[in-house]
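Trainee: make a model of this:
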Amino acid sequence: MKTLTLTRPDDWHVHVRNGAVLNTVLAHTARQFARAVIMPNLRPPVTTVAQALAYREEILRVVPKGVDFTPLMTLYLTAATAIDELVAAAECPFVHAVKLYPAGATTNSDAGVANIRAIYPLLAVLEKNRLPLLVHGEVSDDACDIFDRERWFIDRHLTDIARNFPELPMVLEHVTTREAVQFVEAAGANVAATITPQHLLYNRNALLAGGIRPHYYCLPILKREEHRLALLAAAISGSAKFFLGTDSAPHVTESKESACGCAGCFSAPLALELYAEAFEQADALDKLEGFASFYGADFYGLPRNAGTVCLQQQSWQVPDAYGADGVCITPLRAGSMLRWKMC
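Mentor: Alright, predicted model coming up:
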């Protein structure tokens, strides 16, 4: 039986929600990853250090006994964020980044930033304190086609941000286009990107061809095959600018399978297996460890993990749903067979 041993990886972009959903999903991320950058788009959003610390304690309370897992907290950036709050975040050992959501761009982003230029003074504080800015890189302009919103954001905003703040550590989250890959490749060493398993494995046919499949619907949305191939080439390139971020985003099944379904793919229970599948298809399994275990830690200035995880080629069926405390969540690839399985 073929096996693959990796230095224990980290997830540099994940949603674990709170309350009953947190109780259902957190164990899956903690099983696969030593650390995870936790997204702050709760209701209400996590906008202060005090809120981030309280959320961290809520997460730690549901980590399974005997499991070594560290949540890396973030703040939700708004136009009203105080400079003193960002300085406090930079000084707090538990807060590792600040998240920029353009207002209306994705789930729970209504408190996000409507005028990017208006927050330039805040970006200057982040740059001075070397606190990473994590960017959901899409415009929310109704006049822009949903498949072009990442490209428009790069052209309208991100290029100017990179030019005006050349030392700002910045991660373009869940990149989905050839243009995003090119932007990151051309930028300085302070600019990196995360890539999700769904964007490595699937194009928009998986969402739309032969019927609408709501559990493949995420934002940024799946793109054309040419963009998937560009992402895959970046992931397997060995470039330290690209690393693992699942963007696992759980919603209860009834909220996904509805007339106005929520955006987000719940991949946490099978994330490493999906990445292994993508890298194997590209004949690049030897590149997976750097992408999953090294480059993100290096970018954030954190030590690489000491332990290991094992994957083996063993066929198994993804459950139709995961649930606890009355919560039912359908995962990506529900009911299908996977080729890789964690040992």
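
Trainee: next, residue 247: phi, psi?
Mentor: For residue 247, the backbone dihedrals (degrees, to the nearest 10) come out as phi 50, psi 30.

Trainee: contacting residues around the helix or strand of the chain with the lowest mean pLDDT?
Mentor: Least confident element among the helices and strands of the chain, by mean pLDDT, DSSP states H and E: strand 322-324 (a mean of 89). Applying C-beta atoms under 8 Å, 6 or more residues apart in numbering, the external contacts of strand 322-324 come out as 20, 23-25, 28, 266, 269, 328-329, 331. Placement of C-beta: from N, CA and C, glycine included.

Trainee: centre of the chain versus the next helix or strand after it, how much separation?
Mentor: Once the chain leaves strand 322-324, the next helix or strand it forms, by DSSP states H and E, is strand 327-329. For strand 327-329, the distance between its averaged C-alpha position and the chain's averaged C-alpha position is 21 Å (C-alpha atoms, centre = their mean, to the nearest Å).

Trainee: going forward, count from 44.
Mentor: All set: I'll call the first residue 44, so the last point we hit is now strand 370-372.

Trainee: touching strand 370-372 from outside, list them.
Mentor: Residues lying outside strand 370-372 but in contact with it, judged by C-beta under 8 Å, 6+ apart, are 63-64, 66-68, 293-297, 309, 364-366.

Trainee: list just the nearest of those to residue 82.
Mentor: Sorting the contacts of strand 370-372 by distance to residue 82 puts residue 293 at the head of the list, at 11.5 Å, by C-beta to C-beta.

Trainee: now the closest one: how far from residue 197?
Mentor: Using C-beta to C-beta, to the nearest Å, we find residue 293 at a distance of 28 Å from residue 197.

Trainee: which of the contacts of strand 365-367 fall within strands?
Mentor: The members of the contacts of strand 365-367 that map onto strands under DSSP state E are 371-372.

Trainee: now list the buried members of the contacts of strand 365-367.
Mentor: Applying 16 or more other C-beta atoms under 10 Å to those, the neighbour count classes 66-68, 71, 309, 312, 372, 374 as buried.

Trainee: and the helices in this protein?
Mentor: Ranges of helices in the chain, per DSSP state H, are 62-75, 92-104, 126-134, 163-172, 192-196, 202-207, 221-229, 240-244, 248-251, 268-278, 296-299, 314-324, 331-332, 338-343.

Trainee: go through these and name the closest to residue 384.
Mentor: Using C-beta to C-beta as the measure, helix 314-324 is the one of the helices of the chain that comes nearest residue 384, at 6.2 Å.

Trainee: where does the prediction get shaky in the chain?
Mentor: Applying pLDDT under 70 to the chain flags residues 44.

Trainee: try it again at 90.
Mentor: By pLDDT under 90, the low-scoring segments of the chain are 44, 146-155, 184-185, 367-369.

Trainee: strand partners (parallel or antiparallel) of the biggest strand by length in the chain?
Mentor: For the chain, the strand with the greatest residue count under DSSP E is strand 351-360. Strand pairing for strand 351-360, determined by DSSP bridges: strand 46-50 (antiparallel), strand 380-385 (antiparallel).

Trainee: need the residues that contact the shortest one.
Mentor: Read that as strand 46-50. Applying C-beta under 8 Å, 6+ apart, the contact partners of strand 46-50 are 315, 319, 328, 331-332, 335-337, 347-356, 383, 386.

Trainee: how about stretch 319-339?
Mentor: Judged by C-beta under 8 Å, 6+ apart, the contacts made with stretch 319-339 from elsewhere in the structure are 47, 49-53, 55, 235, 237, 240, 243-244, 275, 278-288, 315, 318, 347-348, 354, 381-383.

Trainee: residue 369: neighbour count?
Mentor: 8 (other C-beta atoms under 10 Å).

Trainee: what's the neighbour count on residue 60?
Mentor: Using other C-beta under 10 Å, residue 60 is surrounded by 24 other residues.

Trainee: distance of it from residue 148?
Mentor: Counting by C-beta to C-beta, the separation of residue 60 from residue 148 is 18 Å.

Trainee: what number of residues lie near the residue nearest to residue 239 when sequence neighbours are not counted?
Mentor: Spatial nearest neighbour of residue 239, excluding adjacent residues (C-beta to C-beta, 6 or more residues apart in numbering): residue 290 at 4.6 Å. Neighbourhood size, residue 290 [other C-beta under 10 Å]: 27.

Trainee: wait, residue 290 touches residue 237, no?
Mentor: Yes: in this structure, residue 290 sits in contact with residue 237. The criterion is C-beta atoms under 8 Å, and the distance is 7.4 Å.

Trainee: shared neighbours of these two, which are they?
Mentor: Shared contacts of residue 290 and residue 237, defined by C-beta under 8 Å, 6+ apart, are found at 56, 216-217.

Trainee: let's have these in JSON lines, adding distance to residue 303.
Mentor: Written out in JSON lines, the entries for the shared contacts of residue 290 and residue 237 read as follows (distance: C-beta to C-beta, whole Å):
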{"residue": "56", "distance to residue 303": "25"}
{"residue": "216", "distance to residue 303": "24"}
{"residue": "217", "distance to residue 303": "22"}
